[in-house]
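> mind folding the following:
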Amino acid sequence: MGVHILSTGSSVPNFSVENQQFEDIIETSDHWISTRTGIKKRHLATSSISLTKLAAEAATKALNQANINPEDLDLIILATSTPDDLFGSASQLQAEIGATKSTAFDITAACSGFIIALVTASQFIKSGSYNTILVVGADTMSRWIDWSDRTTCILFGDGAGAVVVGKSSVNSILGFKLCTDGRLNSHLQLMNSPLTSQKFGSTAVPKGKYDYIKMNGKEVYKFAVFQVPAVIKTCLNDLNLSIDEVDWFILHQANTRILEAIANRLSIPFSKMITNLENYGNTSAASIPLALDEAIKDNKIQPGQIVVLSGFGAGLTWGAIVLRWH
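A predicted model of the protein is given here:
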């Protein structure tokens with residue numbers, strides 16, 4: 001049983017913020033941000049735009065591209081760390097697009113979320129459990145940012161990307177590898193930090209409240225630059241493929257310096273890296289499917305080409321998927 005990526009779609013909010021606009025609220029400049037991150041602007045979801053709405057727009061585009069009716073979906077997997085509902089938003093997405101016959105659930109793995117969700121979908125198809133699956137990566141990280149923290153507030157944007165995958169005799173997903181190291185969790189986290197509690201006798205029961213994103217940039221950089229090339233090489237070695245046989249690399253869009261360092265470690269020209277950081281910033285689980293959708297629309301990726309997807313982020317988690325595009 002093969003797994004075929006039938007279509008892609010993406011969505012970002014209309015409202016965008018350019019680097020110069022940060023100069024009025026924090027000590028920074030367009031030059032400082034762009035030279036250190038590669039980011040020029042990012043799109044932010046206003047109060048009228050929910051995570052579910054962004055995800056639904058990307059999903060609808062992917063479904064229309066594949067000429068698939070939402071009622072024909074067997075499963076929806078939503079990769080997000082910023083759901084509208086703490087219990088999960090996949091069911092809301094199911095209702096929003098009218099996929100009344102599908103099962104739906106969330107996967108929370110931050111910037112690695114889409115990779116893990118796509119692997120999960122592929123396993124359901126290979127086992128014969130489901131035939132047609134919608135995978136969406138979507139995040140509204142702007143709602144969890146401390147806008148006075150210049151180390152994080154300049155990095156993140158909001159968006160959604162989607163793919164529809166189905167069973168086929170032609171297999172698109174050649175191989176994958178997923179990794180986790182919870183010992184490094186403190187380097188990138190968004191913690192539950194209760195400030196108040198209800199007392200029952202002498203026992204305090206905390207009231208849930210999440211803090212802002214906290215990141216140790218230096219440690220995340222070292223982690224990504226070391227682990228991502230290693231997991232990519234492992235995937236390719238398992239498939240008896242060389243780095244030179246890969247036509248395109250689509251990595252999590254975190255920071256241009258990270259992507260450049262990974263390209264150097266892999267000994268590949270940076271021109272093989274598909275990037276859109278300049279226009280969107282770090283959109284977490286949305287970054288890989290958003291970049292993939294743009295690359296398909298721009299006709300960069302051609303049938304038969306080998307494409308490597310790789311995500312890395314909070315957890316700390318990381319992983320890679322090797323595709324042959326059909």
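> what lies in contact with the host helix or strand of Val322?
For Val322, the host element (DSSP states H and E) is strand 317-324. For strand 317-324, the surrounding residues in contact (Cβ atoms under 8 Å, 6 or more residues apart in numbering) are 5, 109-110, 112, 115-116, 118-119, 171-180, 223-224, 227-228, 231-232, 234-236, 239, 241, 246, 304-312. Where you see a C-beta, it was placed from the backbone N, CA and C, and this is true even at glycine.
> can you flag the buried ones in these?
Buried members of the contacts of strand 317-324, counted by 16 or more other Cβ atoms under 10 Å: 5, 109-110, 112, 115-116, 118-119, 171-174, 176-179, 223-224, 227-228, 231-232, 235-236, 241, 246, 306-312.
> which of these fall in helices?
Among the buried ones among the contacts of strand 317-324, the members found in helices (DSSP state H) are 115-116, 118-119, 223-224, 227-228, 231-232, 235-236.
> all helices for the stretch 151-300 of the chain, in order.
Ranges of helices within the stretch 151-300 of the chain are 217-238, 256-266, 277-280, 287-297, based on DSSP state H, counting those that start in this stretch.
> which of these is buried the deepest?
Mean neighbour count (mean count of other Cβ atoms under 10 Å) peaks for helix 287-297 among these, with a mean of 24.
> okay, now Asn64: neighbour count?
12 (other Cβ atoms under 10 Å).
> equivalent analysis for the one 10 residues further on, please.
Residues near Asp74, counting by other Cβ under 10 Å, number 17.
> got the contact list for the residue lying closest to it once chain neighbours are set aside?
Spatial nearest neighbour of Asp74, excluding adjacent residues (Cβ to Cβ, 6 or more residues apart in numbering): Tyr130 at 3.8 Å. Going by Cβ under 8 Å, 6+ apart, Tyr130 touches 74-75, 124.
> next, format the residues you listed as TSV and append secondary structure.
Below are the contacts of Tyr130 laid out as TSV (DSSP: H, G, I helix; E, B strand; the rest coil):
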residue	secondary structure
Asp74	coil
Leu75	strand
Phe124	helix
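> just those residues now: which is nearest Asp149?
Closest approach to Asp149 among these (Cβ to Cβ): Leu75, at 37.7 Å.
> how many other residues sit next to the closest one?
For Leu75, using other Cβ under 10 Å, the count is 23.
> go on, Ser127?
The burial count for Ser127: 9, using other Cβ under 10 Å.
> per-residue pLDDT, it?
Ser127 carries a pLDDT value of 95.
> and Ile115, by the same measure?
98.
> how far away is the residue nearest to it when sequence neighbours are not counted from Ile232?
Nearest residue to Ile115 in three dimensions, chain neighbours excluded: Gly311, at 4.0 Å (Cβ to Cβ, 6+ apart). For Gly311, the distance to Ile232 (Cβ to Cβ, to the nearest Å) stands at 11 Å.
> before we move on, back to that, right, and the helices of the stretch 151-300 of the chain - which one's nearest Thr82?
Using Cβ to Cβ, the helices of the stretch 151-300 of the chain put helix 287-297 closest to Thr82, at 13.5 Å.
> residues in contact with Leu241?
Applying Cβ under 8 Å, 6+ apart, the residues contacting Leu241 are 174, 306, 322.
> would you list these in TSV and tack on distance to Asp84 and pLDDT?
As requested, these are exported to TSV (distance: Cβ to Cβ, whole Å; pLDDT from 0 to 100):
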residue	distance to Asp84	pLDDT
Leu174	35	97
Ile306	37	98
Val322	33	98
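> which of those residues sits closest to Arg42?
Val322 (29.4 Å).
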